[in-house]
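K.L.:
The sequence and its predicted three-dimensional model are supplied below.
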Protein chains: 2
Amino acid sequence: MLAVHTPPPAQRLAGVASSPVRDLLALIDRPEVISFAGGLPAPELFDLDGLRAAFDRVLAAGDGRRHLQYAPTEGNPDLRALVAARMTARGLPTGAGDLLVTTGSQQGLTLIAAALLDPGAVVAVEEPTYLAALQCFQLAGCRVVPVPAGGLERVLREHRPKLLYLVPNFANPTGRTLSREQRAEIAELTAAHGVWVVEDDPYGELRYRGEPVPALAAQPGAEHVLHLGSFSKIAAPGLRLGWVRTPAALRPALTVAKQAADLHTSTIDQAAAADWLAHTDLDAHIKNLIDAYAERRNAMMAAMPGAAPAGSTWTDPDGGMFTWLRLPGPADTAALLPAALAVDVAFVPGAPFYAGRADPATMRLSFTTHTPGEITEGMRRLAPVLRTPAA
Amino acid sequence: MLAVHTPPPAQRLAGVASSPVRDLLALIDRPEVISFAGGLPAPELFDLDGLRAAFDRVLAAGDGRRHLQYAPTEGNPDLRALVAARMTARGLPTGAGDLLVTTGSQQGLTLIAAALLDPGAVVAVEEPTYLAALQCFQLAGCRVVPVPAGGLERVLREHRPKLLYLVPNFANPTGRTLSREQRAEIAELTAAHGVWVVEDDPYGELRYRGEPVPALAAQPGAEHVLHLGSFSKIAAPGLRLGWVRTPAALRPALTVAKQAADLHTSTIDQAAAADWLAHTDLDAHIKNLIDAYAERRNAMMAAMPGAAPAGSTWTDPDGGMFTWLRLPGPADTAALLPAALAVDVAFVPGAPFYAGRADPATMRLSFTTHTPGEITEGMRRLAPVLRTPAA
């Protein structure tokens, strides 16, 4: 029985910033803007015809009416089996029964917070980390503690977090990937301290070079790791389809939380996704994405030395959607955004991605939304903006 | 700063029963079972062809790729405008901007709990009431207080609830409808005591006799009323589409909560629903539903006197999906369920719908899933079961 000092929800909500991604999404409708802001997949790479055919097949006479009805909370059995088979083939042995289908992997985070985190609970996160995860934990009334490089053991010992949140592959916002050795150490330390781990992996299939690193959930003795996956980056985010691979001990609690959240995820979208998976060469589709995104990544990396002022540093991601740029000196990227928008280029200032003290000289640049030519042009326009002296 | 005594989430979740609807849903796949259990719309009345055509149109070249992309948290603007226009035409003046699209109206409840209710907050409810609403409030760590008939003022005064939850039209589970006078009194009392009201209205369009009663949210000075609507009963529950009509003061908090919950509801399903509404004579579609369901309601009411033992009471609903039966004497309907299932009939025992002391002699019967002939047969089979003497 703890005396928990938690502000009332309305106050908590007021303290949670709205997502810059959301605020900048409006810009996407202005075709003249080259946006490095949102983590948006390239719409021209969606398998529109394939998905359209899948929706048409599942809504045909026969099973069509079943796909318009209420459905089990855990998710469509065919979809769970297909996803589990793919995860298993990619090195993370998974049964259909281990998976809970969620309305996007964002919902997975909220369900985990509902099932595991009381107001006042401590959540440890990489620094910087995915903004909407920070929001979700703040909304649950948690105290979020950043883990500095090499500081995990100290944070576990001093702050006794209930949960550690990570994006191990091509992280949002930094593009960084945890090495095999780092993963082994994280799995071991968190197991030893009895800390749950959330491994958020929306980008893992989008690797442009190097060899895949086994998932944290695939480490020996990783029964304390929840693994989140998503169709948003490999199929289409508009489907809002994700999944949690959950340890057996948490399955009942997560299922009850899911039922309270929305009863179940769209029956139609789940059926269409299962049908699409069954009719699609997903490896070939993902190879298409990788080929296109690798070129875009390369275009941004090639433009970076000319765009970023001397003394800048940036990450050189092996996959995913983002690079993380730090300007030299006392720069404030938020102050530069209006000038960027004035030349029709958007990015996300880095400060909101920090749980602790923000580094205002940082910014996140996404390279997936535009073609290599547009990226080159956008970086050309950005160059003088990034060289504006701090006020 | 209150010392809040709240059990940790895992413990709270363990205390929240799984929904009987969910548990009994498995029975639907056994075609020999006549189920009065689930609140399932009749699948043969879904506009399968119309919805299939709508999905096909929105996924055609042109805007198709946009409907596979991330989208604004508040929802599809066309869908919001169409729903708002219909609500306005039905007597509840609503602008598109007043609506937040949700992943089923179940999500609306969870978002309201996130935005308004701290652990330990008091929620007042009709007794008995919608089971999944009880679960949602219990999951949020709230104390749920039942309102006895005529006892609202006393509950407001003595328990100082933060929120009152109601299903004013053809309630789940009782089928009861609040009169115009009751609504005026509720709106006035709650306004005077500064209590938020959640008016959950999934069944309002399914009225089989009598005149519509104005919504609580349409009462004068009802800025404290949140109104929940849904496509589940008038279109198809598999779409998982609902909406909250929200007072301006709560819009920012609910939007942030929605963003944390799942970023936004399925872009495709929203676009297809908007397209379907634009291409469908919804009045004619709902008239079809009403004609069919009215016959089913009448079949159940006609069979009731022969099926229920002497001394039973039941509600005679003007609309919706449910009647509420109370057996005489010390009956326990949960104990009768196995005998009902043995003759391939299902119902939901009444006890889980109570926030306070349950009346175990009650049960909920849904009349929408089966044809009049099947209902007559199901009630014939149920008659000897309901006459089983209590152990």
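P.N.:
Perfect, thanks for sending it.
K.L.:
Pull up the residues of the stretch 251-391 of chain A that are close to chain B.
P.N.:
Residues of the stretch 251-391 of chain A found near chain B, taking CB under 8 Å from any CB of the partner chain as the criterion, are A:252-253, A:255-257, A:259-269. C-beta: built from backbone N, CA, C; applies to glycine.
K.L.:
Assumed residue A:289 was part of a helix.
P.N.:
Yes. When DSSP: H, G, I helix; E, B strand; the rest coil is applied, residue A:289 is found to be in a helix.
K.L.:
Against chain B, how distant is it?
P.N.:
14 Å (CB to the nearest CB, to the nearest Å).
K.L.:
what ranges do the strands span in chain A?
P.N.:
With DSSP state E, the ranges of strands along chain A come out as A:34-35, A:99-102, A:122-126, A:143-147, A:163-166, A:196-200, A:225-230, A:242-245, A:313-314, A:322-326, A:345-346, A:348-349, A:362-366.
K.L.:
how about CSV for these, with mean neighbour count and mean pLDDT added?
P.N.:
Supplementary listing: these in CSV, determined by neighbours: other CB atoms under 10 Å in any protein chain shown; pLDDT from 0 to 100:
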stretch, mean neighbour count, mean pLDDT
strand A:34-35, 24, 94
strand A:99-102, 26, 98
strand A:122-126, 24, 98
strand A:143-147, 20, 98
strand A:163-166, 25, 98
strand A:196-200, 24, 98
strand A:225-230, 26, 98
strand A:242-245, 25, 98
strand A:313-314, 16, 98
strand A:322-326, 22, 98
strand A:345-346, 24, 96
strand A:348-349, 24, 96
strand A:362-366, 26, 97
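K.L.:
contacting residues for residue A:314?
P.N.:
For residue A:314, the set of contacting residues under the criterion of CB atoms under 8 Å, 6 or more residues apart in numbering or on different chains consists of A:304, A:308, A:323, A:324, A:325, A:326.
K.L.:
The same query, at a cut-off of 10 Å, please.
P.N.:
A:174-175, A:300-301, A:304-305, A:307-308, A:323-327, A:362-363, A:365 (CB atoms under 10 Å, 6 or more residues apart in numbering or on different chains).
K.L.:
swap in residue A:329?
P.N.:
With contact set as CB under 10 Å, 6+ apart, residue A:329 has these partners: A:309, A:311, A:312, A:361, A:389, A:390.
K.L.:
Lowest mean pLDDT among the helices and strands of chain A, which one is it?
P.N.:
helix A:20-25 (a mean of 51; mean pLDDT, DSSP states H and E).
K.L.:
pLDDT below threshold where in chain A?
P.N.:
Within chain A, the ranges that satisfy pLDDT under 70 run A:1-29, A:390-391.
K.L.:
Now with 50, please.
P.N.:
Within chain A, the ranges that satisfy pLDDT under 50 run A:1-8, A:20.
K.L.:
care to break it down by domain?
P.N.:
Structural domains of chain A, as assigned by automatic domain parsing, span the residue ranges A:9-46+A:284-386, A:48-280.
K.L.:
Quick check, the residue in the stretch 101-250 of chain A closest to chain B?
P.N.:
For the stretch 101-250 of chain A, the nearest residue to chain B under the criterion CB to the nearest CB is residue A:238, separated by 3.2 Å.
K.L.:
wait, that residue sits on residue B:63?
P.N.:
No. Residue A:238 lies out of contact with residue B:63 (CB atoms under 10 Å); the separation is 11.4 Å.
K.L.:
Out of those two, name the residue with the larger neighbour count.
P.N.:
residue A:238 (29 against 13; other CB atoms under 10 Å in any protein chain shown).
K.L.:
now the residue nearest to residue A:265 when sequence neighbours are not counted: how far from residue A:71?
P.N.:
Across the structure, with CB to CB, 6 or more residues apart in numbering or on different chains as the measure, the residue nearest residue A:265 apart from its sequence neighbours is residue A:103 (4.7 Å). Noted for residue A:103: a distance of 13 Å to residue A:71, by CB to CB, to the nearest Å.
K.L.:
More neighbours: which of these two?
P.N.:
residue A:103 (30 against 24).
K.L.:
and that one, what does it touch?
P.N.:
Counting by CB under 10 Å, 6+ apart, the residues that residue A:103 touches are A:110-111, A:239-242, A:258, A:261-262, A:264-266, A:269, B:103-104, B:107, B:240, B:261-266.
K.L.:
likewise residue A:218?
P.N.:
Contacts for residue A:218 (CB under 10 Å, 6+ apart) come out as A:87, A:90, A:91, A:92, A:93, A:94, A:183, A:187, A:199, A:225, A:227.
K.L.:
With distance to chain B added, can I get these in a markdown table?
P.N.:
Shown next, in a markdown table, are the contacts of residue A:218 (distance: CB to the nearest CB, whole Å):
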| residue | distance to chain B |
| --- | --- |
| A:87 | 22 |
| A:90 | 24 |
| A:91 | 28 |
| A:92 | 24 |
| A:93 | 26 |
| A:94 | 23 |
| A:183 | 27 |
| A:187 | 22 |
| A:199 | 19 |
| A:225 | 17 |
| A:227 | 18 |
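K.L.:
Mark which of these are buried, thanks.
P.N.:
Neighbour-count burial within the contacts of residue A:218 applies to A:87, A:92, A:94, A:183, A:187, A:199, A:225, A:227; the criterion is 16 or more other CB atoms under 10 Å in any protein chain shown.
K.L.:
Not counting its neighbours along the chain, what's nearest the fourth one?
P.N.:
It stands for residue A:183. The spatially closest residue to residue A:183, leaving aside those adjacent along the chain, is residue A:216, at 5.2 Å (CB to CB, 6+ apart).
K.L.:
Alright, calling it a day.
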